[in-house]
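1. below are the sequence and a predicted model; questions follow.
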Amino acid sequence: MNISELTEFAKETSGRLRVKYPNFNLETEMLYQMCKVTEEVGEMSDELLKHLGSQRQDKLDGFKKEHLAEEMADVILAVLIAAEVAGIEIEPALSQKMEKVRSRSF
């Protein structure tokens, strides 16, 4: 899998959402998708806390590392769909950000 496949998936999913919610204007669609990003980040955070053992025992009992991986994937996909909705070409944006990070001294 590569970034082109992921962005194509985001385009397809965005199109399906437009069919499901035909009354959404662009602003509503963007707000909806950013809420989805926030939702997925919350779910990922919950799984990370479980991974670190920082949750109540009843939450820790069902933890599987695969759940954390799934939530991380959900976050990535939600962000890619949000970028698609906002008209952002994510591949060049990622390349530019990677160059900035590479140039940092840690």
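-> Received, thanks. Numbers count the residues shown, from 1 in each chain.
2. hmm, who's touching the lowest-mean-pLDDT helix or strand in the chain?
-> When the helices and strands of the chain are scored by mean pLDDT, DSSP states H and E, helix 57-60 comes last with a mean of 86. Applying C-beta atoms under 8 Å, 6 or more residues apart in numbering, the external contacts of helix 57-60 come out as 46, 49-50, 53. No exception for glycine: its C-beta is placed from N, CA and C like everyone else's.
3. what's the distance between the most centrally placed residue in the chain and Asp46?
-> The centre of the chain sits closest to Val75, judged by C-alpha atoms, centre = their mean, with a distance of 2.4 Å. Distance of Val75 to Asp46, given as C-beta to C-beta, to the nearest Å: 12 Å.
4. quick one: the host helix or strand of Val85 to chain centroid distance?
-> Using DSSP states H and E, the secondary-structure element containing Val85 is helix 65-86. Distance of helix 65-86 from the chain centroid (C-alpha atoms, centre = their mean, to the nearest Å) equals 3 Å.
5. the top helix by length along the chain packs against which elements?
-> If you go by DSSP state H, the chain has its longest helix at helix 26-51. Where contact means 3 or more C-beta pairs under 8 Å, 6 or more residues apart in numbering; DSSP states H and E, helix 26-51 is packed against helix 3-20, helix 57-60, helix 65-86.
6. in it, what counts as buried?
-> Within helix 26-51, the residues scored as buried using 16 or more other C-beta atoms under 10 Å are 29, 33, 36-37, 40-41, 43-44, 46-47, 49-50.
7. and the helices and strands packed on helix 26-51: which comes nearest Ser103?
-> helix 3-20 (21.1 Å; C-beta to C-beta).
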